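Participant: Output the structure for:
(chains A and B)
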Amino acid sequence: MTLVDELRAAIGTAQVRTGPTELSLYRRDASNMAGSSAVVCLPRSSADVRACVSIADRHGVAFVARGSGTGLAGGAVPLDGAIVVATSKMNRVLSVDAVNRQAWVEPGVLNLDLTRQVEPLGVHFAPDPSSQQTCSIGGNVANNSGGPHCLAEGVTSSHVLAIEVVLPDGTSTMLGGEDPEPPGYDLRGAFVGSEGMLGIATSVCVKLTQNPPAVRTMLMDFDTVDDGAATVSGIIAAGMVPAAVEMMDQLCLQAVEAYIHADLPVDAAAALLVEVVGLPTGLDADVAAIVAIAGEHGVRSVRVAQDEAERALLWKGRKSAFGAIARIKPNYYLHDTVVPRSKLPEVLAEVYAIAARYELQVLNVFHAGDGNLHPLLVYDAREPGVLERVHLAGQEIVTASVAAGGVLSGEHGIGLEKRDYMPLMFSEVDLEAQQMLRHAFDPLERANPGKVLPSPATCGDIHAVPEGAWV
Amino acid sequence: MDLSEFAEEIGDHGAVTIAGLATRGGPVDGIRPVMAPGGIDWVKPEEMTLQCGAGTPVEEVDAALAPFGQTVVIPPSGTVGGALAVGRSGIRRLGHGPLRDAVLQARYVDAAGRIVKAGGPTVKNVSGFDLCRLLVGSWGTLGFIGEVILRTRPRARFEQWYVSNGDPFELIGRLYRPVSVLWDGEQVWVLLEGHPDDVERQVAANGLRPGDPPADLPRGGRWSLPPSQLSTLPGTGRFVAEIGVGVVHHEHPAPPREIDPAVRRLHHRIKHEFDPAGRLNPGIDVLAQS
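Facilitator: Numbers count the residues shown, from 1 in each chain, chains lettered A, B, ... in the order given. All right, here's what the predicted structure looks like:
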């Protein structure tokens, strides 16, 4: 039997797609890179995933797990004709334990759907990536996703207790557990953030977080980016970890204001959106302390949301940045690096200088609280030669971030996008150690090959560089 | 001693074991011991990070952070490296999170005597595989941690232990983010932190009385149960259970557990990849530790 026939026999004809439209859809994720695949599988159960992976194994073919395809680093782009195993049909919340605040979910459950389903119990799933309406829990696990509210709560790894996985040889097992200290190595921790290279998650036990009894959200604006950044450092050094600390620069404020009309301070160099959560007296004390710190750094005005509607409006400002920029230019390239908080002013200045050098416009809207930069380079792809400038500028931004004591990625992962930048952060020996972990799970390199680890570390196999890649 | 001297001492052949302050079992008997470098390299309160040698006593780290109103989630006593190698969290895990979340970057010496970096220095980082989490709780069987960058957390401005004779499973549903809820089958101990007025309101609403934490925790065994099974503990002997977490400090050793063959296989393969000659902490079976 051919590969496709075997897959169809195992999981059903309708679940195995080979039509040109679908194949073209699954060639890419939300990055601008594309690969190619000969077949897309849509498993409905763990057993289906097991079957797909076993068949791939027998045929010596690679496979790529895919959630909603919202990844920005090309992690779900199929290389070398790998089978795509999309978990979007595995989208049930299997069980919820309201007392112990745990839930078992299938990997295709959407992040925000989970939070909505458990809302009546007064809990939520803490990681809240910007794509939370469409991204899946399986994808969150693969990328160790973050989001604005991960400043205080931590990223996905802190919210995953156990993962039922199909290993690259087709066996199923459980990593981690509902209990706090399962024996042995933290295989759960190793799997989270492994970008689909250690196997496929088929169900996930997540930790649910108590909703806070009270919330205070404030918008503060500054004459200089440095003042805003110094305020962030001041808040943290004072022993407060707000639920979220987001920064928008002037170009971003202007774009968003033109889009949503929220009375944003468009003449400010930067604005901070700060949210604190908890019990009311402590919150009021925190708000007073934060306003005082901002005052020491020349804050121009402080707007504390008076009700839930105003809070929603302020957050809408933050969250509609990506829609708003379409008013400036039709295309954008979103970057993701992390720098020490104290280096924010310096690295931001460098980001502006790099963009200017390449005659590009850059908007910054990012998780200032944890130093997670998201420079958005906006451009019009129809302009000849612009893509090359965008790529070169991006390369310099990544290099500058690492040189400032930062890291390659805070949320988006390495995927294909930053695979060949890994040596900026890691020595050959460091990368070899990562390869050891991979080989322990996947000696034949069948699970999402060609991602994360630069290929010289593997035995010289050269993967096709997909179109749009700037690796 | 610096990291490269530590690496040289470990070398690339012959069995070797890592020693600390022997608070968590100590090195493997009869094997050449090495000790990791100690000392705090720097504290960055505005980053909420600290770098230290793995041989640094936990108390020293805590003392270095105290002036900045910060602390780390490493349970007291022994060295930082020892606590990380063993991987057990303290009794504040419910509110402050597990130990494994505290390590941002680790430099360890591998079985070939080379210095390897895992993770990165910033509080957020998804660059590459998460080897830090693999190291925490690996009992020195994959590499000997030499130096770490830790995430710190704010020290509570106010905290207080309370006691109650109520139902711990109801209490945990009503309290907002208690730091710790312990239960011995009869009495409940609750650690709360925050603004004193907020704590006071929680105390009044839930009938808590100020008290001391449990005088000592049973040391016969450390059980790890799904938190949903803790209610079945009464009748098994003397215990103090961490409600909402599932760690049980018990007078009896933990009941034996089945290990899935696939998990066992993964452990063997990982050990073989990282330490093919089995020279690091020989004889330690991580799956048998509890």
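
Participant: contacting residues for whatever residue of chain B ends up closest to chain A?
Facilitator: Taking C-beta to the nearest C-beta, chain A has its nearest neighbour within chain B at B:Arg133, 2.8 Å off. Placement of C-beta: from N, CA and C, glycine included. Contacts for B:Arg133 (C-beta atoms under 8 Å, 6 or more residues apart in numbering or on different chains) come out as A:157, A:186, A:189-190, A:192, B:100, B:103.

Participant: Try it again at 6 Å.
Facilitator: By C-beta atoms under 6 Å, 6 or more residues apart in numbering or on different chains, the contact set of B:Arg133 is A:186, A:189, B:100.

Participant: does chain A sit close to the helix ranked longest in chain B?
Facilitator: Using DSSP state H to define each element, chain B has its longest helix at helix B:261-274. Yes: using C-beta under 6 Å from any C-beta of the partner chain, helix B:261-274 reaches chain A at B:262-263, B:267, B:269-270, B:273-274.

Participant: any low-confidence regions in the stretch 51-200 of chain B?
Facilitator: Scanning the stretch 51-200 of chain B for pLDDT under 70 picks out no residues.

Participant: Helices along that one, start to end?
Facilitator: When assigned using DSSP state H, counting those that start in this stretch, the helices of the stretch 51-200 of chain B occupy the ranges B:58-65, B:80-86, B:93-96, B:131-135, B:168-174, B:196-205.

Participant: Chain A contacts on the stretch 1-150 of chain B?
Facilitator: B:45-48, B:69, B:100-101, B:114, B:116-117, B:120-130, B:133-134, B:137-138.

Participant: Which residue ranges make up each domain of chain A?
Facilitator: Domain assignment for chain A by automatic domain parsing gives A:3-86, A:93-210, A:214-321, A:329-441.

Participant: Regarding the last one, how distant is the last residue from the first?
Facilitator: Taking C-alpha to C-alpha, to the nearest Å, domain A:329-441 runs 44 Å from one end to the other.

Participant: The first one too?
Facilitator: With C-alpha to C-alpha as the measure, domain A:3-86 spans 17 Å from end to end.

Participant: what about it, distance to the chain center?
Facilitator: 21 Å (C-alpha atoms, centre = their mean, to the nearest Å).

Participant: ok so, going back, pick the most buried one from the domains of chain A.
Facilitator: Scoring these by mean neighbour count under mean count of other C-beta atoms under 10 Å in any protein chain shown gives domain A:93-210 as the most buried, with a mean of 23.

Participant: Which positions are bridged to A:Val40 in the beta structure?
Facilitator: A:Arg17, A:Val84 (DSSP bridges).

Participant: tell me which helix or strand of chain A sits lowest on mean pLDDT?
Facilitator: helix A:321-324 (a mean of 84; mean pLDDT, DSSP states H and E).

Participant: Alpha carbons of that helix, in CSV - could you do that?
Facilitator: Taking Å, rounded to 0.1, in the frame of the first residue of the first chain, the C-alpha atoms of helix A:321-324 are listed here in CSV:
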residue,chain,number,x,y,z
ALA,A,321,-1.9,47.2,17.3
PHE,A,322,-1.5,44.6,14.6
GLY,A,323,-4.7,45.6,12.9
ALA,A,324,-3.9,49.3,13.2
